[in-house]
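[1] following is a predicted model, sequence given first.
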Amino acid sequence: MDKHGILREYFGHTAFRNGQEELIDNILAGRDVLGIMPTGAGKSICYQVPALAMNGVTVVVSPLISLMTDQVAALVESGVKAAYINSSLTYPQYCEVFRRAREGRYKIIYVAPERLLTEEFLSLSESLEISMLTVDEAHCVSQWGQDFRPSYLKIVEYVRALSHRPVVSAFTATATGEVREDIGQMLELNDPFVITTGFDRKNLYFGVLRPSDKFSELAKIIRRNGDRTGIVYCLTRKTVEEVCEKLCSSGVAATRYHAGLSDAERRANQEDFICDRRTVMIATNAFGMGIDKSNVSYVVHYNMPKNIEGYYQEAGRAGRDGESAECILLYSGQDVRTNRFLIENCSDDNPEMTEEMRAEVRERDLQRLKEITFYSTTSGCLREYILRYFGERSPSYCGNCSNCSANFETVDITVEAQKIVSCVYRVNASGRSFGRTMIADILNGSKRERVISFGFDKLSTYGIMSDMTQKRIVKMIDFLIDNEWLALDGEYSVVKTTPKSAEIVRDRVTVEMKLEKEAPAERKIIIDHGVNEGLFVELRKMRSEFAAAEKVPAYIIFSDSALKDMCRKLPVTEEEFLSVSGVGKKKAERYGEVFCTFIEQYASEHPEIRSVGTAVKL
């Protein structure tokens, strides 16, 4: 069967997405590949399709048990013979997988990197015809990546140990140019075909908020999303516990995940979330890499993470099914200080790194922290900022982020910039340095005790911007920092002048910035044409019943996007059912008759669904 036949029969799609076919063709031609594709772009198809087209077995190295479990369950549900080898297997199960593998019963075997160099797995590998080795989440091999894992260094040793070198394919969602080069070198890719399909996820809305009460803002976001699924990322275990407890007390079906919980509780909580028994997961960044849950409608970062790579990967867990979803970051200055402390005091578990290398990694991590801080405080387009960070050009207005969707106006702030720089200069000249809030308080004429006790009410710049809110002054300070007219310095991110400051106070350059108008724009209403909410709800109920009976997550039966396509196409025959996106031959055989019969009956009772548009507030 050719690649198109495999895509149609096993995965229920009629066409490849951007970049998939080029990667597949190069693999089938025997060439190593490196694919950088955003979450939701279909990386797994790029190695699963050639794995089924090639002779022999494909070994997939994957970092997390949960990822392997989900991927194998989805493959088996689609009619693909697959298995995984990791620490979750009992000894009898472990032996059974090895026995079946030796009998040629599998086309795809997922394995944890720690297992690669064990005597048993090396022996098994030599008994198999391994046509391809796939490295999922390949950024984990790079010490410059955001999630370096020393166990990934075993991969190249494993490839060297094989008597026959297979095609090596590597995939990741987030990698800067430096990390991409590191992946190629660390995995010893041989003249690889490299493609970056683009980091833009147009279905995702990006927002940064600076609420005075983070929990109240979070509660508002969760209420707005109703019973839709969401993930809330927190910086520390303590915050996870506090937020989860408060949400549960207020009636939200929330659960928690962090490294301080027992393995049993983490597994149980994750399963509750994956199977939609709990709609909100509160977690540290220990949760989520490779979680193949397609119907996450929103991701909220309760605290600013340490870098843009980690943020974009975590935020990208929303909207994997292509449906509209939102990614909100709740920012505060304390997040910067907490992250700096974590970076400077973290311990590295790679014994091969020298102190000099550790110092270099720390320095790069601190630079990444600056980048995510700038993202959190910029007044420009958030999408453009992210794409520019990953080396892509993008319009400065996307229309689907909090900065673009707010009513913005370009304002001449030359006079205000002069006042701000002058204030910073006078504070520094007094032998003291303070952060953005103190500078804004001085300019605003605040009566706070700290301002008065330091004698800042005697400065000539005290109160000279009293007609402006502190929040607006801070935004202007951030803008001046972004453009290097000012700088943040030291452990406590104090504001300092720079060599460029003279351009403002001496050269009187014109300074303009985009500032929010007082009344923010309303969120857009998008019409989801052809999706009847009543039918969609009923199909979800049917899906849940099948999932409960088969003890798999609901999205493995059908994704939300597949159910919505059923609502649009209203299939009543097996042939029509096969035209639904995400429905392959095996799923059509298993579920087609039941779903078609129900849809036909529902349509006869609700003739209005033949032409309907459902309004969805984003």
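    The structure has been received and is ready for your questions.
[2] enumerate every residue touching the closest residue to residue 85 other than its chain neighbours.
    Spatially, and ignoring its direct neighbours in sequence, residue 85 is nearest to residue 111 (4.7 Å; Cβ to Cβ, 6 or more residues apart in numbering). No exception for glycine: its C-beta is placed from N, CA and C like everyone else's. Residues near residue 111 by Cβ atoms under 8 Å, 6 or more residues apart in numbering: 59-62, 84-86, 121.
[3] from those, which single one is nearest residue 183?
    residue 61 (12.8 Å; Cβ to Cβ).
[4] and the contacts of residue 111, which of them are buried?
    59-62, 84-86, 121 (16 or more other Cβ atoms under 10 Å).
[5] tell me which of those fall in strands.
    Among the buried ones among the contacts of residue 111, the ones falling in strands (DSSP state E) are 59-61, 84-85.
[6] in TSV: those residues, plus pLDDT and distance to residue 212.
    Shown next, in TSV, are these (pLDDT from 0 to 100; distance: Cβ to Cβ, whole Å):
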residue	pLDDT	distance to residue 212
59	97	52
60	96	47
61	94	46
84	95	47
85	93	50
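[7] of these, which is the nearest to residue 421?
    Using Cβ to Cβ, residue 61 is the member of those that lies nearest residue 421, at 52.7 Å.
[8] let me know the closest of the ones in strands among the buried ones among the contacts of residue 111 to residue 548.
    Using Cβ to Cβ, these come closest to residue 548 at residue 84, 22.6 Å.
[9] that's a helix at residue 282, yeah?
    No: the assignment for residue 282, made by DSSP: H, G, I helix; E, B strand; the rest coil, is strand rather than a helix.
[10] quick one: contacts for it?
    Contacts of residue 282 (Cβ under 8 Å, 6+ apart): 232, 234, 240, 243-244, 247, 254-257.
[11] quick check: bridge partners of it?
    Per DSSP bridges, the residues bridged to residue 282 are residue 232, residue 256.
[12] mind naming the longest helix for this structure?
    Assignment by DSSP state H gives helix 355-377 as the longest helix of the chain.
[13] list the contacts of it.
    Contacts for helix 355-377 (Cβ under 8 Å, 6+ apart): 143-144, 146, 208, 304-309, 311, 329, 331, 335-336, 339-340, 343-344, 348, 353, 382, 385-386, 389, 475, 478, 481-482, 488.
[14] got JSON lines for the buried ones among the contacts of residue 111, with distance to residue 203 too?
    Listed next are those as JSON lines, based on distance: Cβ to Cβ, whole Å:
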{"residue": "59", "distance to residue 203": "33"}
{"residue": "60", "distance to residue 203": "27"}
{"residue": "61", "distance to residue 203": "29"}
{"residue": "62", "distance to residue 203": "25"}
{"residue": "84", "distance to residue 203": "30"}
{"residue": "85", "distance to residue 203": "35"}
{"residue": "86", "distance to residue 203": "32"}
{"residue": "121", "distance to residue 203": "39"}
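[15] closest one of the residues you listed to residue 435?
    residue 62 (42.7 Å).
[16] give me the domain ranges for the protein.
    3-196, 204-405, 408-516, 525-617 (automatic domain parsing).
[17] so what's the residue nearest to residue 137 when sequence neighbours are not counted scoring on pLDDT?
    Nearest residue to residue 137, sequence neighbours excluded (Cβ to Cβ, 6+ apart): residue 63, at 5.2 Å. You'll see residue 63 listed with a pLDDT of 82.
[18] separation between residue 63 and residue 398?
    Computed as Cβ to Cβ, to the nearest Å, the residue 63 to residue 398 distance reads 32 Å.
[19] do residue 133 as well
    In terms of Cβ to Cβ, residue 133 sits 38 Å off from residue 398.
[20] with neighbour numbers in mind, choose between those two.
    A count of neighbours by other Cβ atoms under 10 Å puts residue 133 above the other of residue 133 and residue 398, at 25 against 19.
[21] neighbouring strands - and their directions - for the host helix or strand of that one?
    Assigned by DSSP states H and E, residue 133 belongs to strand 130-135. Here strand 130-135 is paired, per DSSP bridges, with strand 57-61 (parallel), strand 167-172 (parallel).
[22] with distance to residue 77 added, can I get these in JSON lines?
    Output for those, formatted as JSON lines (distance: least, Cβ to Cβ, whole Å):
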{"stretch": "strand 57-61", "distance to residue 77": "17"}
{"stretch": "strand 167-172", "distance to residue 77": "22"}
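[23] so which of these gets nearest residue 567?
    Closest among those, using Cβ to Cβ: strand 167-172, at 32.0 Å.
[24] got the angle between the next helix or strand after the closest one and helix 355-377?
    Going down the chain from strand 167-172, the next helix or strand is helix 177-186, by DSSP H and E. Orientation check (axes from the mean of the first three to the mean of the last three Cα atoms, to 10 degrees): helix 177-186 against helix 355-377 gives 140 degrees.
[25] which other helices and strands contact helix 177-186?
    Secondary-structure packing of helix 177-186 (3 or more Cβ pairs under 8 Å, 6 or more residues apart in numbering; DSSP states H and E): strand 33-36, strand 167-172, strand 193-196.
[26] got CSV for those, with mean pLDDT, distance to residue 445 and mean neighbour count too?
    Listed next are the helices and strands packed on helix 177-186 as CSV, based on pLDDT from 0 to 100; distance: least, Cβ to Cβ, whole Å; neighbours: other Cβ atoms under 10 Å:
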stretch, mean pLDDT, distance to residue 445, mean neighbour count
strand 33-36, 94, 50, 26
strand 167-172, 95, 50, 26
strand 193-196, 92, 50, 18
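[27] ok, which stretches of the stretch 251-400 of the chain are helices?
    263-274, 308-315, 333-345, 355-377, 382-389 (DSSP state H, counting those that start in this stretch).
[28] low-confidence regions, the stretch 101-250 of the chain specifically.
    Judged by pLDDT under 70, the stretch 101-250 of the chain has its weakly predicted residues at 143-147.
[29] cool, and the stretch 351-500 of the chain?
    351-353, 407-408.
[30] can you map out the strands along it?
    With strands called from DSSP state E, counting those that start in this stretch, the stretch 351-500 of the chain shows them at 408-412, 486-489, 494-497.
[31] tell me the most buried of these?
    strand 494-497 (a mean of 20; mean count of other Cβ atoms under 10 Å).
[32] now do that one: distance to the chain's middle.
    With Cα atoms, centre = their mean, to the nearest Å as the basis, strand 494-497 stands 33 Å off its chain's centre.
[33] coming back round to it: which one of the contacts of residue 111 is nearest residue 294?
    residue 62 (17.8 Å).
[34] the closest one is in contact with residue 70, isn't it?
    No: the pair residue 62 / residue 70 is not scored as a contact, 10.1 Å apart, by Cβ atoms under 8 Å.
[35] before we move on, the earlier item: could you export the helices and strands packed on helix 177-186 as JSON lines, including distance to residue 27?
    Output for the helices and strands packed on helix 177-186, formatted as JSON lines (distance: least, Cβ to Cβ, whole Å):
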{"stretch": "strand 33-36", "distance to residue 27": "6"}
{"stretch": "strand 167-172", "distance to residue 27": "6"}
{"stretch": "strand 193-196", "distance to residue 27": "8"}
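[36] and of the ones you listed, who's closest to residue 106?
    Of those, nearest to residue 106 by Cβ to Cβ is strand 167-172, at 17.6 Å.
[37] what's near enough to touch residue 513?
    379, 410-411, 413, 476, 479.
[38] could you identify the most distant pair in those?
    Spatial extent of those (Cβ to Cβ) is set by the pair 410 and 476 at 13.4 Å.
[39] no further queries at this time; thank you.
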